[in-house]
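>>> quick one, what's the 3D model for this:
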Amino acid sequence: MISPTIGFIGGGRITRIFLEGWSRAGQMPPDVIVSDPDANVLDVLKSHFPEVLTTPDNAVAARQDLVFLAVHPPLIAEVTAGLRNHLMPETIMVSLAPKFTIARLTELLGGFARLARFIPNAPSILGAGFNPVAFGSALGGPEKAQLTNLFASLGKFPEVAEEKLEAYAVVTAMGPTYFWFQLQLLRELAAGFGLDDLETTSALASMVSGATQTLLESGLSPAEVMDLIPVKPLAAMEPQVAEAYRTTLPAIYQKIKP
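The predicted model follows:
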């Protein structure tokens, strides 16, 4: 079976997550080209992935079998306007951004409808991502199979209703940022308490996994779970943290909704 050629429009973080995930899994596609107007971005990408071709011309990256639209929502209208005359009829395009629906992308692309939307998250670099996907009606079984072959080495990729993708963007795509800085602080403190890196890594990984399972799978109510540990050193700060969640995250959700 001939591997499809792959183009990325945009060479930033999301593209690097895909390439790193494929590379670590030994599943890097043989023909990948990335376009970006920023030469520095392409130079950095090339230094990490020398086998990947790069170009400043989006039109070149668009003339591939599979095209990933990896640009921020504010740029999508402008970028898609420059792509509409360069996509091949048999191309499949996957948007990696929230806010722009398949219907809106089809409109911006002059009627091109062979589209899917995919909300990636950073743990995909380790094959541990949670990356929900919605397929447009113009894509059938063979097209979906082609895409899922690429998605498989990045982690889980449940097919979901398109209108839920923005919720996943807030909960899963951005989710690690809510915890990473806290885990890193615990990691640093653990070193000060005398734990070596191996001990800390094992302890934190098990603690996070176990804590998540306890909240979501124990059958206990949230209040019962949170009462399992009598000493809560940061309890005084919980109201402020909770308020930040309840105000900041809904505001982001409203901002990225179509």
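
>>> every contact and neighbour count from this point should use C-alpha atoms.
Noted.

>>> got a list of what residue 15 touches?
8, 70 (CA atoms under 8 Å, 6 or more residues apart in numbering).

>>> what of residue 114?
Contacts of residue 114 by CA under 8 Å, 6+ apart are 90-93, 136-139.

>>> quick one: which of these is nearest residue 40?
residue 93 (25.3 Å; CA to CA).

>>> mind checking pLDDT for the closest one?
Note on residue 93: pLDDT of 98.

>>> so it: helix, strand or coil?
strand (DSSP: H, G, I helix; E, B strand; the rest coil).

>>> re earlier: show me which of the contacts of residue 114 are buried.
Buried by 16 or more other CA atoms under 10 Å: 91-93, 136, out of those.

>>> how about TSV for those, with distance to residue 188 added?
Below are the buried ones among the contacts of residue 114 laid out as TSV (distance: CA to CA, whole Å):
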residue	distance to residue 188
91	48
92	45
93	42
136	46
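
>>> next, give me the two most distant ones among those residues.
Greatest spatial distance in the buried ones among the contacts of residue 114: 91 and 136, 13.2 Å, computed using CA to CA.

>>> now residue 32, what are its backbone angles?
phi -130, psi 130 (degrees, to the nearest 10).

>>> show me what the closest residue to it other than its chain neighbours is bridged to.
Of all residues not flanking residue 32 in the chain, residue 6 sits nearest, at 4.8 Å (CA to CA, 6 or more residues apart in numbering). Following DSSP bridges, residue 6 is listed with bridge partners residue 32, residue 66.

>>> show me what contacts residue 6?
So residue 6 contacts 29, 31-33, 61, 64-68 (CA under 8 Å, 6+ apart).

>>> mark which of the residues you listed are buried, thanks.
Members of the contacts of residue 6 classed as buried by 16+ other CA under 10 Å are 29, 32-33, 61, 64-68.

>>> kindly present those residues as JSON lines, with separate columns for pLDDT and distance to residue 146.
JSON lines is the format used below for these (pLDDT from 0 to 100; distance: CA to CA, whole Å):
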{"residue": "29", "pLDDT": "95", "distance to residue 146": "12"}
{"residue": "32", "pLDDT": "98", "distance to residue 146": "15"}
{"residue": "33", "pLDDT": "98", "distance to residue 146": "18"}
{"residue": "61", "pLDDT": "97", "distance to residue 146": "18"}
{"residue": "64", "pLDDT": "97", "distance to residue 146": "14"}
{"residue": "65", "pLDDT": "97", "distance to residue 146": "10"}
{"residue": "66", "pLDDT": "98", "distance to residue 146": "9"}
{"residue": "67", "pLDDT": "98", "distance to residue 146": "12"}
{"residue": "68", "pLDDT": "98", "distance to residue 146": "13"}
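
>>> next one: residue 6 from residue 169, what distance?
24 Å (CA to CA, to the nearest Å).

>>> before we move on, what about residue 60?
29 Å.

>>> over to residue 177?
From residue 177 over to residue 169 (counting by CA to CA), the distance is 12 Å.

>>> which residues of the protein score low on pLDDT?
The model of the chain has pLDDT under 70 over residues 1.

>>> so residue 94 touches residue 120, yeah?
No: contact criterion CA atoms under 8 Å: residue 94 and residue 120 do not qualify, at 11.3 Å.

>>> more neighbours: those two, which one.
Ranked by neighbour count (other CA atoms under 10 Å), residue 94 and residue 120 place residue 120 first, with 28 against 24.

>>> domains for this protein, by residue range?
In terms of domains, the chain is parsed into 6-160, 175-256 (source: automatic domain parsing).

>>> residue 177 and residue 169: which is more packed in?
Taking neighbours as other CA under 10 Å, residue 177 and residue 169 compare with residue 169 leading, 23 against 11.
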